[in-house]
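**Student:** From the sequence below, what's the structure:
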Amino acid sequence: MSDQRPEHRGYVVAIDQGTTSTRCILFDHAGRLVAVAQREHRQHYPRPGWVEHDAAEIWRNVARLVPQAMAQVEATPADVVAVGIANQRETVVAWDRRTGDPVGPAVVWQDTRTADLVEALAADGGADRFTELCGLPLTTYFAGPRIAWLLGQDAGLRRRAENGDVLFGTIDSWLVWNLTGGPDGGRHVTDVTNASRTMLMDLRTLDYSPAMLEVFGIPRRALPEIVASSQVYGQARAVVPGARIGAALGDQQAALFGQTCFSPGEAKCTYGTGSFLLMNTGSEITRSSHGLLTTVAHRIGDEPPAYALEGSIAVTGALVQWLRDNLGLISTAPEVETLARTVPDNGGCYFVPAFSGLFAPHWRAEARGLLIGLTSYVTKGHIARAALESTAWQTREVVEAMDADAGLRLTSLRVDGGMTSNNLLMQTVADVLDAPVVRPMVSETVSLGAAYAAGLAVGFWPDFDALRRRWHRAGQWRPAMEPEVRDRGWEDWQQAVQRTFGWIRH
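**Tutor:** Residues are numbered from 1 along each chain as shown. Model (predicted):
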């Protein structure tokens, strides 16, 4: 009956601003997806290793998509109880405070132009010289080095930033600023999850580290205020006038939230082009000695933050695309499951897709892909199965590292993303982890997490228990592999991985 009260009417708008597209999704009080609109934006590659977006194009897409989605259910701004934002992490935007125009292209998280800067900093103390403070190693992945690079290229930009005339931020900051008024009083904020990906935030204080700002030469007044993931940042003055902006989270943390992984030891893996596995480690900071990132999972209002360990896998779905586009073994991605099912096992071959090095837990940039164990017995079916198994074995590598770092044993893995439609893959993941794998009813967990956090901020949902009750299981895979088969495969996989190391020597 309680769902029928007036305060339970209306919708939460989730804006999921991703690397290739922007989506706007409306959720009702039951947590059901009721409307969706999506639009891609252009990818710009001006030089090798450079990846850029047009932040103005992204904002225009948001301004179009939100009304389109609302129109599908005939919703007015008065029907929107809150707006939540999830965003591609580590992508940096710089814009003019007075005009609201970007001062250049957004530098995307995949961009590697900061390699020389990162290498120079790592020469004095190693890649882990700042991990105790910010939880992150020195790599091109993170936002702080990008801001430092932009300031280092243009003395005029640095002067404007020091004067407060140019603002920097990740995509969440850019969208909140525009939604809340832009040049006319827009709020310049970023949430703790996005701030934890900059290398500039002290994990303990949840504020900018003066030492890190000095190392990178970044003026604090150009940076957004760090706020909670779930709290009202202000009212929208554009797109949905009057609606409360109630949440912002980096996309992978949003997926963890949408999977209702609120307790220590609960974990999710998002299977896409690459894959991201996050485990909630609770209110204590867990330092990794096994190649994982320490990051913030979320912060609700003034409550203490929840932290997480994160392991990122570079190539999972991208390997299936490679089998399709480069080798022509399949004509559509779903065919990989059909092909893999033509054989009962991998025929003794293993596929390590280190196409551009290996990410967690190895972090070996010089590694390259390897297909090993080939005999005349091996068919394309075996290669397809080995390709799927590579995703499962890489998942286990990250899970084992998390178990070791957190002192927690993974009891089940919640999964989302495009690859979860592959039943053979999901069964293989369950088999090699020796743990159940669970897929939720709502697959749009990134958007759902942003919606949940925004709804919490305005009281649309009262607490975590209410959100857990709205999470429903759509599929589950239980381990069915014999222990000796699992152990032998794990040993073989580790041997194969070792053989990829040291390939690029110049």
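
**Student:** Dihedrals phi and psi, the nearest residue to H472 once chain neighbours are set aside?
**Tutor:** Nearest residue to H472, sequence neighbours excluded (Cβ to Cβ, 6 or more residues apart in numbering): M441, at 4.1 Å. Every C-beta, even on glycine, is put in place using the N, C-alpha and C of the backbone. Note on M441: backbone dihedrals following degrees, to the nearest 10 are phi -60, psi -50.

**Student:** Okay, buried residues for the longest helix along the chain please.
**Tutor:** If you go by DSSP state H, the chain has its longest helix at helix 380-406. Residues 381-403, 405-406 are the ones in helix 380-406 that count as buried (16 or more other Cβ atoms under 10 Å).

**Student:** low-scoring stretches of this structure, by residue?
**Tutor:** Where the chain drops to pLDDT under 70, the residues are 1-8, 506.

**Student:** quick one: the residue located most distally from the centre of it and L370, what's the gap?
**Tutor:** For the chain, the C-alpha lying farthest from the average C-alpha position belongs to S376; by Cα atoms, centre = their mean, that distance is 40.7 Å. With the distance defined as Cβ to Cβ, to the nearest Å, S376 ends up 19 Å from L370.

**Student:** Could you do G311 as well?
**Tutor:** 20 Å.

**Student:** Those two: which is more packed in?
**Tutor:** G311 (28 against 18; other Cβ atoms under 10 Å).

**Student:** Kindly confirm my reading that that one is in a strand.
**Tutor:** Yes - counting by DSSP: H, G, I helix; E, B strand; the rest coil, G311 is found in a strand.

**Student:** can you pull the contacts of the most centrally placed residue in the chain?
**Tutor:** For the chain, Q252 is the residue whose C-alpha lies nearest the centre (Cα atoms, centre = their mean; 3.0 Å). Residues near Q252 by Cβ atoms under 8 Å, 6 or more residues apart in numbering: R89, T270, F276, L278, E310, V446.

**Student:** Widest-spaced pair of those residues?
**Tutor:** Farthest apart among the contacts of Q252 by Cβ to Cβ are E310 and V446. That separation is 14.6 Å.

**Student:** For the stretch 51-200 of the chain, which segments count as helices?
**Tutor:** 55-72, 115-122, 131-134, 143-153, 155-162, 171-179, 192-195 (DSSP state H, counting those that start in this stretch).

**Student:** which one of the ones you listed lies closest to P334?
**Tutor:** The nearest among the helices of the stretch 51-200 of the chain, by Cβ to Cβ, is helix 55-72 at 27.4 Å.

**Student:** Which positions in that closest one come out as buried?
**Tutor:** With burial defined by 16+ other Cβ under 10 Å, the residues of helix 55-72 counted as buried are A55, A56, I58, W59, N61, V62, L65, V66, A69, M70.

**Student:** any idea which of those is closest to L203?
**Tutor:** A55 (27.6 Å).

**Student:** OK, contacts around the closest one?
**Tutor:** Contact analysis of A55 by Cβ under 8 Å, 6+ apart lists V93, W95, P102, P105, A106, I171, W174.

**Student:** any idea which of those is the one closest to V437?
**Tutor:** Using Cβ to Cβ, the contacts of A55 come closest to V437 at I171, 30.5 Å.

**Student:** and the closest residue to the closest one other than its chain neighbours, how many residues sit next to it?
**Tutor:** Excluding the flanking residues, the one nearest I171 by Cβ to Cβ, 6+ apart is N87, at 4.0 Å. Using other Cβ under 10 Å, N87 has 31 neighbouring residues.

**Student:** Then T379?
**Tutor:** Burial of T379 is recorded as 14 neighbouring residues (other Cβ under 10 Å).

**Student:** ok, and the closest non-adjacent residue to it?
**Tutor:** V343 (6.7 Å).

**Student:** Is that neighbour located within a strand, as I assumed?
**Tutor:** No - under three-state DSSP, V343 sits outside any strand and is assigned coil.

**Student:** contacting residues for it?
**Tutor:** Applying Cβ under 8 Å, 6+ apart, the residues near V343 are T379, G381, H382, R385.

**Student:** The host helix or strand of A496 relative to helix 380-406, how many degrees between them?
**Tutor:** Using DSSP states H and E, A496 sits in helix 483-498. Orientation check (axes from the mean of the first three to the mean of the last three Cα atoms, to 10 degrees): helix 483-498 against helix 380-406 gives 90 degrees.

**Student:** which outside residues touch helix 483-498?
**Tutor:** 350, 352, 358, 362, 370, 372-373, 389, 393, 396-397, 431-432, 434.

**Student:** Relative to E303, how far out is Q259?
**Tutor:** 19 Å.

**Student:** out of these two, which sits in the more crowded spot?
**Tutor:** Q259 (28 against 11).

**Student:** Could you check how far that one is from K380?
**Tutor:** From Q259 across to K380, the span is 35 Å (Cβ to Cβ).

**Student:** surely R473 meets R439?
**Tutor:** Yes - the pair R473 / R439 is scored as a contact, 7.3 Å apart, by Cβ atoms under 8 Å.

**Student:** Of those two, which one has the most company?
**Tutor:** R439 (21 against 10).

**Student:** Quick check: bridge partners of the more buried one?
**Tutor:** Beta-bridge partners for R439, by DSSP bridges, are G475.

**Student:** For it, give me its contacts.
**Tutor:** By Cβ under 8 Å, 6+ apart, the contact set of R439 is R414, V415, D416, T420, M426, R473, A474, G475, Q476.

**Student:** what's the spacing between the nearest residue to the fourth one once chain neighbours are set aside and Q427?
**Tutor:** It refers to T420. Once flanking residues are discounted, T420 sits nearest to R439: 5.1 Å by Cβ to Cβ, 6+ apart. For R439, the distance to Q427 equals 12 Å [Cβ to Cβ].

**Student:** Same check on N87?
**Tutor:** Distance, N87 to Q427, using Cβ to Cβ: 33 Å.
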